[in-house]
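S.K.: generate a structure from the sequence data that follows.
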Amino acid sequence: MFGKNSDARIIFEEEFSRQLRRWGWRIFTVAIPLVMLFVAFVVPLLIDAFSNDDKSDQVDNLGYVDNSDITDSLAAIPGLTRLDGLDTGIQALVDDEIKELFVIPADYIETGSVDWYRKSSGLAVENNSGDAFHNVLRAAVADDGLTDAQVARILQPATYALFKVDDQGRPDSSGSVTDEIAKAAPAFIFAMLLVFSIFVGSGALLQSVTEEKENRMIEMLVTSASPLSIMLGKILALGAAGLLQIAIWLAVAIFSIPQASNQFSELASLSLEPQLAVLLVAFYFAGYFVFAALMASIGAASTNVREASQISAMVIIPGVIPIYLSAAIMPNPDGTIARILTFIPLTSPTASMIRVAGGTDKMYEIVLGLAVTALAGMFLLWLSARIFRAGLLLYGQRMGLRAIWGALRQAG
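M.R.: Numbering: from 1, shown residues only. Next up is the predicted model:
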């Protein structure tokens, strides 16, 4: 990791050991697994006790093809259009004449299977269009005298097979609603863990640099190591502690998910593809370097811990913006806002993970966002070392932008 840079290695070992001794790190490392265990064992009991199945779903600009003729006797339903065949329905979908297309097969009563076609790349939300069409199917089946099979079908109207339709009208199977959620969940969960781990680790780095500068210990370090070695050792140490933290969380998750799947059957289908796992780890390192280097720069430029903490809020807030906007990003992962956030280093890690969770069609943008974030991290590491050296030149002075720029020129 360090090659011949023994100074950075020594600082890494000391800072890593110091981080593991911090009560904040220990408490946070234990708190997340406790939450996971609570969700696995307690939440299912609470849901069973307080569940409420009341819904009011509205049909909104939906199209359907009925090959079973079960809807022949239905009166016209506002917002619902019956189409002659699959080709006609797909063309209406491509032309934006309808929002979603459902195809009822001839053997629907026996199988309960309905094909669901849509253009959007976001997650299929079963409680919206899917549940609205459930009500249509219930009404159609219950319209005449009921057989036992029809009664069973009223109780469980349909399991949807999803198809993604591109702009040329070519459908491609994308599994079921549960499959999509199972693919999306790991990326979204990791985005949340990424935010927690990065902020805790970089916050500890901010405090470490500021305290050492405040108590003059940093001057002793500089006599035996270069500012770049000091910054590199500290940043890598906090990053390693963060990875250890995530590894502990994942170990508990591996234990908790099978237990929770007894109540939440969808959890049994959760999966993490190797390519996605590599991407998640890469974004952790890139995102961590960006935030850690910025925090180190703030610590080096501040005169005390309180001042550094106040300034660091300006760095933390952009990092959580994609989390706040996740409800808008996931249904439309290739929208303008999502794409812009992908190329801003402070928002790219979380925004990219949320886009992956939403099923983006533009993975090349995710890779480019990762490259931009990694380059920004390396640049900020170099800059933090220079600001660190400049901070020593201006020890005891309030470092405004003009003072920092002048000290940076002298530190070069």
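S.K.: what bits of the stretch 101-250 of the chain have low per-residue confidence?
M.R.: Scanning the stretch 101-250 of the chain for pLDDT under 70 picks out 120-127, 143-148, 150-152, 154-156, 174-187, 198-199, 201-203, 209-224.
S.K.: quick one, helices of it?
M.R.: For the stretch 101-250 of the chain, the helices defined by DSSP state H, counting those that start in this stretch occupy 108-111, 131-141, 148-155, 177-214, 217-222, 227-260.
S.K.: show me what counts as buried in the first one.
M.R.: Within helix 108-111, the residues that count as buried by 16 or more other C-beta atoms under 10 Å are 108-109. To be clear about C-beta, it is placed using only N, CA and C from the backbone, and glycine gets the same treatment.
S.K.: swap in the last one?
M.R.: Under the neighbour-count criterion of 16+ other C-beta under 10 Å, helix 227-260 has 227-246, 249-250, 252-253, 256-257, 260 buried.
S.K.: whichever helix or strand comes after that helix packs against which elements?
M.R.: Counting by DSSP states H and E, the element after helix 227-260 in chain order, helix or strand, is helix 274-301. Secondary-structure packing of helix 274-301 (3 or more C-beta pairs under 8 Å, 6 or more residues apart in numbering; DSSP states H and E): helix 177-214, helix 227-260, helix 305-324, helix 348-358, helix 363-393.
S.K.: how about helix 274-301: buried residues?
M.R.: The neighbour-count check on helix 274-301 (16+ other C-beta under 10 Å) flags 276, 279-280, 282-301 as buried.
S.K.: same check, this time on stretch 91-104
M.R.: Buried residues in stretch 91-104, defined by neighbour count with 16+ other C-beta under 10 Å: 93-94, 98-104.
S.K.: with stretch 327-341 instead?
M.R.: 328-335, 338-339, 341.
S.K.: mind checking the end-to-end distance for it?
M.R.: Terminal residues of stretch 327-341 lie 15 Å apart, using C-alpha to C-alpha, to the nearest Å.
S.K.: number of nearby residues for L381?
M.R.: 20 (other C-beta atoms under 10 Å).
S.K.: any idea how far it is from A161?
M.R.: For L381, the distance to A161 equals 49 Å [C-beta to C-beta, to the nearest Å].
S.K.: I98 belongs to a strand, doesn't it?
M.R.: No - counting by DSSP: H, G, I helix; E, B strand; the rest coil, I98 is not part of a strand but coil.
S.K.: so it sits against L62, correct?
M.R.: Yes - with contact defined as C-beta atoms under 8 Å, I98 reaches L62; the gap is 6.3 Å.
S.K.: list the residues that contact both of those two?
M.R.: T81 (C-beta atoms under 8 Å, 6 or more residues apart in numbering).
S.K.: what's the closest non-adjacent residue to G85?
M.R.: V65 (6.0 Å; C-beta to C-beta, 6 or more residues apart in numbering).
S.K.: for I311, same thing?
M.R.: Nearest-residue entry for I311: I298, 5.1 Å, with adjacent residues in sequence omitted and distances by C-beta to C-beta, 6+ apart.
S.K.: wait, what's in contact with that neighbour?
M.R.: Contacts of I298 by C-beta under 8 Å, 6+ apart are 206, 308, 311-312, 315.
S.K.: so which of those residues is the most crowded?
M.R.: The most crowded member of the contacts of I298, judged by other C-beta under 10 Å, is L206 (27 neighbours).
S.K.: Provide a list of residues in contact with the residue nearest to G85.
M.R.: Shown in contact with V65 (C-beta under 8 Å, 6+ apart): 82-86, 88-89, 101-104.
S.K.: closest to V35 out of those?
M.R.: Using C-beta to C-beta, F102 comes nearest to V35 of the contacts of V65, at 38.4 Å.
S.K.: what about the residue nearest to the closest one when sequence neighbours are not counted, neighbour count?
M.R.: Excluding the flanking residues, the one nearest F102 by C-beta to C-beta, 6+ apart is Y64, at 4.4 Å. As a burial measure, Y64 scores 21 neighbours (other C-beta under 10 Å).
S.K.: that older thread, need the winner for burial among the helices and strands packed on helix 274-301.
M.R.: Highest mean neighbour count of the helices and strands packed on helix 274-301: helix 348-358, a mean of 28 (counted as mean count of other C-beta atoms under 10 Å).
S.K.: what is it packed up against?
M.R.: Other elements packing on helix 348-358 under the criterion 3+ C-beta pairs under 8 Å, 6+ apart are helix 177-214, helix 274-301, helix 305-324, helix 326-329, helix 336-342, helix 363-393.
S.K.: turn those into TSV, columns for distance to V35.
M.R.: TSV is the format used below for the helices and strands packed on helix 348-358 (distance: least, C-beta to C-beta, whole Å):
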stretch	distance to V35
helix 177-214	11
helix 274-301	20
helix 305-324	17
helix 326-329	19
helix 336-342	27
helix 363-393	28
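S.K.: out of those helices, which comes closest to R26?
M.R.: Distance to R26, taken as C-beta to C-beta, is lowest for helix 177-214 among these, at 11.1 Å.
S.K.: of the buried residues of stretch 91-104, just say which sits nearest to R170.
M.R.: For those, the minimum distance to R170 (C-beta to C-beta) is 9.7 Å, reached by V94.
S.K.: give me the pLDDT for that closest one.
M.R.: pLDDT for V94: 90.
S.K.: which residues touch it?
M.R.: 119, 165, 167-169.
S.K.: what subset of those residues is buried?
M.R.: 119, 165.
S.K.: the contacts of V94 into CSV, with extra columns for distance to L346?
M.R.: Shown next, in CSV, are the contacts of V94 (distance: C-beta to C-beta, whole Å):
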residue, distance to L346
K119, 32
V165, 35
D167, 33
Q168, 37
G169, 40
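S.K.: report the two of the contacts of V94 separated the most.
M.R.: K119 and Q168, at 11.4 Å, using C-beta to C-beta across those.
S.K.: could you measure from the residue nearest to R153 when sequence neighbours are not counted over to T111?
M.R.: Of all residues not flanking R153 in the chain, V141 sits nearest, at 5.4 Å (C-beta to C-beta, 6+ apart). Distance of V141 to T111, given as C-beta to C-beta: 13 Å.
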